[in-house]
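Peer 1: Take this sequence and fold it.
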Amino acid sequence: MAPSAETPLILVADDSVANCELLGEQLASLGYRPLIAHDGPSALDLTLERQPALVILDVNMPAGDLHVDDRATGFEVCRRLKRDPRTGRIPVIFITALNESTDRVKAIEAGGDDFISKPHNRLVLGARVNSLLRLKAATDALEEALRRQRELERVRDDLMKMIVHDLKTPLTSILATLELLGDGDFGPLAPMQQGVVQDALHKSEELLALIDDLLEVRRIEESSITLSLDEIDAAELIREIAKDWAVRFEQEKTRVHTDIAGDLPRLTADRGLIKRVLGNLIQNALVHSARSIDLTLACRADPSGIRFSVTDTGPGIPPEFHEMIFHKFQQLQATWTPRARTSGIGLTFCRLVTEAHGGRIWVQSAPGQGSTFHVALPLVPPSPTVHLVPAT
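Peer 2: Residues are numbered from 1 along each chain as shown. Reported below is the predicted structural model:
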């Protein structure tokens with residue numbers, strides 16, 4: 001049966017007719033519509049004209065009028081696609097014999113979303129394509145929801161760019177792990193590989209959790225939050241979080257320490273929400289530093305109950321911004337930090353969840369001296385259902 005117009009269109013750009021035919025047949029058997037280009041300019045023109053759901057690029061193909069060496073055509077095509085707002089959200093997979101680390105760095109810098117080495121496996125190709133298309137569908141759905149919100153409130157105008165920036169952070173870890181797996185660095189399928197696959201799944205959950213943060217902030221501000229309360233061992237929670245983030249810490253070359261006081265009382269709280277709060281604080285520490293940092297996860301008794309702390313040796317935050325960063329969509333144009341600020345949704349979520357538990361969150365920091373975020377919680381929340389007044 002011929003594919004319908006609803007079938008995802010995928011552009012394949014390779015100067016080898018045989019390679020294009022093979023990829024086209026494989027994509028068709030997987031339920032996609034292949035679109036073929038044999039040089040850089042054709043790949044750019046077809047992408048702009050037909051708006052495929054995904055682009056598969058070879059690196060070495062004729063450059064035409066792109067003014068680059070044929071051996072770098074794929075990099076240039078990807079770079080131009082990602083720069084153009086009309087095509088910047090289309091996922092790009094490099095399918096090539098990229099063996100040198102310098103080539104991989106060039107592909108990442110060009111904005112490539114994934115890699116498949118030649119010769120490739122049909123099932124691996126299908127899994128990579130399906131994964132990226134699902135991610136694109138999720139972000140497209142989120143963009144549509146936000147577009148409707150912008151019709152009611154101008155402050156939403158820049159939200160999508162900021163949210164997409166935050167979504168790419170866990171995605172980087174997912175792609176890095178899949179790259180290692182796909183390159184065979186872990187050898188034949190074995191328990192170690194299974195562990196790496198599980199880590200990739202955990203990173204996918206982080207991505208979904210970020211979207212959940214946005215939806216949770218909106219829900220809390222519009223109505224109320226109902227906590228799913230459970231008894232929590234604070235020390236065990238800290239150790240669990242350190243284990244969950246172990247691969248990411250290794251990738252970022254982050255030196256992690258735990259500081260857990262003894263004889264801590266058990267805490268009654270929403271375990272999932274508190275874990276997401278601490279995860280957001282860890283994420284902030286990692287993405288706001290351009291170099292490797294030391295990170296300390298601590299928990300100890302507090303006059304109000306229990307205090308969790310996340311301390312980093314990053315760039316720090318000036319005192320005048322200590323309150324502002326917890327307000328929604330506060331994207332600080334800062335000169336003291338080497339990386340751009342994110343959407344502000346994460347810290348707003350942390351504040352709302354902490355306050356819903358009857359606690360408080362604050363930061364101690366100064367430029368060049370790192371930051372410590374504290375979350376102080378009572379042993380038992382005042383109520384499982386809380387109405388909160390949003391900070392603007």
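
Peer 1: buried residues in the strand or helix carrying Leu27?
Peer 2: Using DSSP states H and E, the secondary-structure element containing Leu27 is helix 17-29. Within helix 17-29, the residues that count as buried by 16 or more other C-beta atoms under 10 Å are 19-20, 22-24, 26-27. Where C-beta positions appear, they are placed from N, C-alpha and C, glycine not excepted.

Peer 1: doesn't Leu125 make contact with Tyr32?
Peer 2: No - taking contacts as C-beta atoms under 8 Å, Tyr32 lies outside contact range of Leu125: 10.2 Å.

Peer 1: between these two, which one's more packed in?
Peer 2: Neighbour totals were compared for Tyr32 and Leu125, and Tyr32 leads with 23 against 18 (other C-beta atoms under 10 Å).

Peer 1: all helices for the stretch 1-150 of the chain, in order.
Peer 2: Along the stretch 1-150 of the chain, the stretches classed as helices by DSSP state H, counting those that start in this stretch are 17-29, 40-50, 73-83, 101-110, 122-150.

Peer 1: what's the burial count for Pro119?
Peer 2: For Pro119, the neighbour count with other C-beta under 10 Å is 9.

Peer 1: Tell me the spacing between it and Ser292.
Peer 2: From Pro119 across to Ser292, the span is 36 Å (C-beta to C-beta, to the nearest Å).

Peer 1: now Leu11
Peer 2: Leu11 is 38 Å from Ser292, where distance means C-beta to C-beta.

Peer 1: And for Ile225?
Peer 2: 36 Å.

Peer 1: For these two, indicate the residue with more neighbours.
Peer 2: With neighbours defined as other C-beta under 10 Å, Ile225 and Ser292 compare such that Ile225 has more, 20 against 13.

Peer 1: about what we covered before: mind putting the buried residues of helix 17-29 in JSON lines, pLDDT and distance to Ala261 included?
Peer 2: Formatted as JSON lines, the buried residues of helix 17-29 follow (pLDDT from 0 to 100; distance: C-beta to C-beta, whole Å):
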{"residue": "Asn19", "pLDDT": "90", "distance to Ala261": "60"}
{"residue": "Cys20", "pLDDT": "91", "distance to Ala261": "63"}
{"residue": "Leu22", "pLDDT": "91", "distance to Ala261": "61"}
{"residue": "Leu23", "pLDDT": "91", "distance to Ala261": "58"}
{"residue": "Gly24", "pLDDT": "91", "distance to Ala261": "62"}
{"residue": "Gln26", "pLDDT": "91", "distance to Ala261": "57"}
{"residue": "Leu27", "pLDDT": "92", "distance to Ala261": "57"}
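
Peer 1: Please identify which of those residues is nearest to Asn60.
Peer 2: Distance to Asn60, by C-beta to C-beta, is smallest for Asn19 among these, at 11.1 Å.

Peer 1: contacting residues around the residue lying closest to that closest one once chain neighbours are set aside?
Peer 2: Of all residues not flanking Asn19 in the chain, Asp58 sits nearest, at 7.2 Å (C-beta to C-beta, 6 or more residues apart in numbering). Counting by C-beta atoms under 8 Å, 6 or more residues apart in numbering, Asp58 touches 13-16, 19, 74, 94-96.

Peer 1: of the residues you listed, buried ones?
Peer 2: By neighbour count, with 16+ other C-beta under 10 Å, these hold 13-15, 19, 74, 94-96 as buried.

Peer 1: can you tell me which two in the residues you listed are farthest apart?
Peer 2: Asp15 and Phe94 (14.5 Å).

Peer 1: rewinding a little: out of the buried ones among the contacts of Asp58, which sit inside strands?
Peer 2: If you go by DSSP state E, the buried ones among the contacts of Asp58 have 13, 94-96 in strands.

Peer 1: Out of these, which is nearest to Leu146?
Peer 2: Phe94 (29.9 Å).

Peer 1: Enumerate every residue touching that closest one.
Peer 2: Going by C-beta under 8 Å, 6+ apart, Phe94 touches 57-59, 74, 78, 107, 112, 114-116.
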